[in-house]
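Chemist: got a sequence here, can you model it:
(chains A and B)
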Amino acid sequence: MLDINLIRSNPELVKKGVSAKNINPQLVDEFLVLDKEWRELTAKLDNLRAEQNKLSSERKIDEAKENKIKIKGIEDKLNETEKRREEILMSLPNLPFDDVPVGKDESGNVVIREVNKKPDFDFQPKNYLELAEKLGLIDIERASKVSGSRFGYLKNQAALFEFALIKLAMDTAVAEGFTPIVPPVMVKSKMMKAMGYIDRREDQDETYFLKEDDLYLVGTSEQSIGPMHSDEIFNEKELPKRYVGFSTCFRREAGSYGKDTKGILRVHQFDKIEMFSFCEPEKSKEEHGLLLGIEEKLMQALGLPYRVLSICTGDLGGPAAAKYDIEVWLPGENRYRETHSTSNCTDFQARRLNIKYKPKTQNLKPKTDYVHTLNGTAFAIGRTLIAIIENFQQKDGTILVPEVLQKYLGFEKIGLSS
RNA sequence: GGAAGCGUGCCGGAGCGGUUGAACGGGCUUGACUCGAAAUCAAGUAUGCCCGCAAGGGUAUCGGAGGUUCGAAUCCUCCCGCUUCCGCCA
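Modeler: Numbering: from 1, shown residues only, chains lettered A, B, ... in the order given. Just a heads-up that it's a prediction; the model follows:
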């Protein structure tokens, strides 16, 4: 949710930001009209209520009865206006930072840097799925039998890899001051809405919803970590509050029929370790850097070739003011694929969730203010596994285990006999 | 899933139709006393929204949403949460 005062005082700025995100800026004007109406009705209603309180305390019952009817009329009108005003407000996305590249869609994303050399094979590198099936690491066929398309079984060393990756990510994040958690994977629709992930129809279609229980399955644990502190006020010294959560994630992949249909690159269910920060507004850019830094550190620990993208305005999504993706090089596909994403959502989610903090300003007004929220992937297990298999494959079809994981796994290589 | 009870401010805890935004106690902040601290005393101590340059004024809020009433923390309905007992259960 945007700051209403900002829309009122600087509509042009808001329009510009909204337009950059491919949202019709006319909504801003519509909002202002409704907001004006809302304020007028509010003033009218408050006056009538003041009158009512007065009459009532003076026991002027008959006059109060009449006044009550007027109140009811204004109330109904106000409710209707308020509802429409709220709808528009909720449909306005967060404004992108000035330094975010402007672009219409993902083609406008900017590569910031490439890290680690792509592996130089003296043979034709294979696709991960071919290797994995041969080594008994992934079973798609049976998953399809049991659950349908876009599911997979991780087996043998691959299953063990999952836990090693979790441990590596957890250890790394905990060392940076993150609190490890395993959050719920079902969240109330109210919270899902507050996080800004079901504002648009496409978003809703992407999410599994349990109607009977009014619960959504999370598409990322961010959705259940963010609302943890809703309606809470942090002390300044409690910030930044950092969490690293492990959870399964569920995505319907409704808009991606026919895309990446093979294997486990794009599935309905995968496990992910996610970082989440609540911090002071002035420090959110710095915090964003920290999250990206950890992501890169993890990729470097594995020795995977990757590149970092600054996501352009049109590809940011609703809640983010800035976003960086990491894409890993997949030699089997001969292209980069996304493994990480980190967003600074500024106060957009905090407003809806009502998460504030109390600045420790000695004198002057100790007014509370909204925190900033940020999130970032530590590891999405499936895709990381894919990257490891493809990048560390050997001519004989075996796969070397990245050194950092060896201590967690107890083996150095995945081979046919191991 | 069945039965009962409970949800009040930072915390504890009154209030159960009429100056109750809310007694009382604790905490916290400030001031006094003190060489300092403790103790004691005094004052202060919620938030949203609207109007206003401000001072301030108005309004709303006692789990949430409706309803009854001139007037509701107090009565009614539904929902949510918590506790206890029973059932079921990884």
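Chemist: ok, the closest residue to A:Ser247 other than its chain neighbours to RNA strand B distance?
Modeler: Among residues not flanking A:Ser247 along the chain, A:Ser221 sits closest, at 3.8 Å (Cβ to Cβ, 6 or more residues apart in numbering). C-beta coordinates here come from the backbone N, C-alpha and C atoms, glycine included. Using Cβ to the nearest atom of the strand, to the nearest Å, one obtains 19 Å as the distance from A:Ser221 to RNA strand B.
Chemist: ok, A:Glu236 next?
Modeler: A:Glu236 is 14 Å from RNA strand B, by Cβ to the nearest atom of the strand.
Chemist: ditto for A:Glu51
Modeler: Distance, A:Glu51 to RNA strand B, by Cβ to the nearest atom of the strand: 8 Å.
Chemist: can you count the residues close to that residue?
Modeler: 15 (other Cβ atoms under 10 Å).
Chemist: that one: what secondary structure?
Modeler: helix (DSSP: H, G, I helix; E, B strand; the rest coil).
Chemist: OK, contacts around it?
Modeler: A:Asn67 (Cβ atoms under 8 Å, 6 or more residues apart in numbering).
Chemist: coming back round to it: check contacts around the residue nearest to A:Ser247.
Modeler: Per Cβ under 8 Å, 6+ apart, neighbours of A:Ser221: A:Pro183, A:Val185, A:Gly245, A:Phe246, A:Ser247, A:Cys249, A:Lys272, A:Glu274, A:Phe276.
Chemist: out of those residues, what pair is the most spread apart?
Modeler: Spanning the widest gap among the contacts of A:Ser221 are A:Val185 and A:Phe276, at 14.7 Å by Cβ to Cβ.
Chemist: residues of the stretch 51-200 of chain A that sit close to RNA strand B?
Modeler: Within the stretch 51-200 of chain A, the positions near RNA strand B by Cβ under 7 Å from any atom of the strand are A:Gln52, A:Asn53, A:Lys54, A:Leu55, A:Ser56, A:Ser57, A:Arg59, A:Ile61, A:Ala64, A:Lys65, A:Lys68.
Chemist: list of residues touching stretch A:26-45?
Modeler: Under Cβ under 8 Å, 6+ apart, the answer for stretch A:26-45 is A:4, A:7-8, A:11, A:14-15, A:18, A:71, A:74-75, A:77-78, A:81-82, A:84-85, A:88-89, A:91-92.
Chemist: try 10 Å
Modeler: A:2, A:4, A:7-8, A:11-19, A:24, A:70-71, A:73-75, A:77-89, A:91-92 (Cβ atoms under 10 Å, 6 or more residues apart in numbering).
Chemist: just to revisit the earlier point, where does the residue nearest to A:Ser247 fall, phi/psi-wise?
Modeler: Main-chain dihedrals, A:Ser221, degrees, to the nearest 10: phi -70, psi -10.
Chemist: buried sites along the helix or strand containing A:Glu162?
Modeler: Following DSSP states H and E, one finds A:Glu162 within helix A:156-175. For helix A:156-175, the neighbour count (16 or more other Cβ atoms under 10 Å) marks A:157-158, A:160-162, A:164-166, A:168-170, A:172-173 as buried.
Chemist: adding distance to A:Ile386 and pLDDT, write those out as CSV.
Modeler: Below are those laid out as CSV (distance: Cβ to Cβ, whole Å; pLDDT from 0 to 100):
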residue, distance to A:Ile386, pLDDT
A:Gln157, 14, 95
A:Ala158, 10, 95
A:Leu160, 16, 95
A:Phe161, 11, 96
A:Glu162, 13, 96
A:Ala164, 15, 97
A:Leu165, 12, 97
A:Ile166, 16, 97
A:Leu168, 16, 97
A:Ala169, 16, 97
A:Met170, 21, 97
A:Thr172, 20, 97
A:Ala173, 22, 97
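Chemist: ok, which pair from those residues is furthest apart?
Modeler: Spatial extent of the buried residues of helix A:156-175 (Cβ to Cβ) is set by the pair A:Gln157 and A:Ala173 at 24.0 Å.
Chemist: in the stretch 51-200 of chain A, what residue is nearest RNA strand B?
Modeler: A:Ala64 (3.0 Å; Cβ to the nearest atom of the strand).
Chemist: list the contacts of that residue.
Modeler: Shown in contact with A:Ala64 (Cβ under 10 Å, 6+ apart): A:Glu51, A:Gln52, A:Asn53, A:Lys54, A:Leu55, A:Ser56, A:Ser57, A:Glu58, A:Ile71.
Chemist: need phi/psi at it.
Modeler: Main-chain torsions, A:Ala64, degrees, to the nearest 10: phi -60, psi -40.
Chemist: before we move on, what about A:Glu58?
Modeler: According to degrees, to the nearest 10, A:Glu58 has phi -90, psi 0.
Chemist: just A:Ile88 next, same as before
Modeler: Residue torsions, per degrees, to the nearest 10, at A:Ile88 are phi -70, psi -40.
Chemist: A strand includes A:Val328, no?
Modeler: Yes. Under three-state DSSP, A:Val328 sits within a strand.
Chemist: tell me what it is bridged to.
Modeler: Following DSSP bridges, A:Val328 is listed with bridge partners A:Tyr306, A:Arg337.
Chemist: re earlier: ok, so of the contacts of A:Ser221, who is nearest A:Asn47?
Modeler: Once Cβ to Cβ is applied, the member of these that ends up nearest A:Asn47 is A:Phe276, at 44.7 Å.
Chemist: kindly calculate the angle that the host helix or strand of the closest one makes with helix A:156-175.
Modeler: For A:Phe276, the element it lies in under DSSP H and E is strand A:269-279. Here strand A:269-279 points in a direction 0 degrees away from that of helix A:156-175 (axes from the mean of the first three to the mean of the last three Cα atoms, to 10 degrees).
Chemist: which parts of strand A:269-279 are buried?
Modeler: A:Gln269, A:Phe270, A:Asp271, A:Lys272, A:Ile273, A:Glu274, A:Met275, A:Phe276, A:Ser277, A:Phe278, A:Cys279.
Chemist: show me what it pairs with in its sheet, parallel or antiparallel.
Modeler: Strand A:269-279 has its sheet partners listed here by DSSP bridges as strand A:241-250 (antiparallel), strand A:372-380 (antiparallel).
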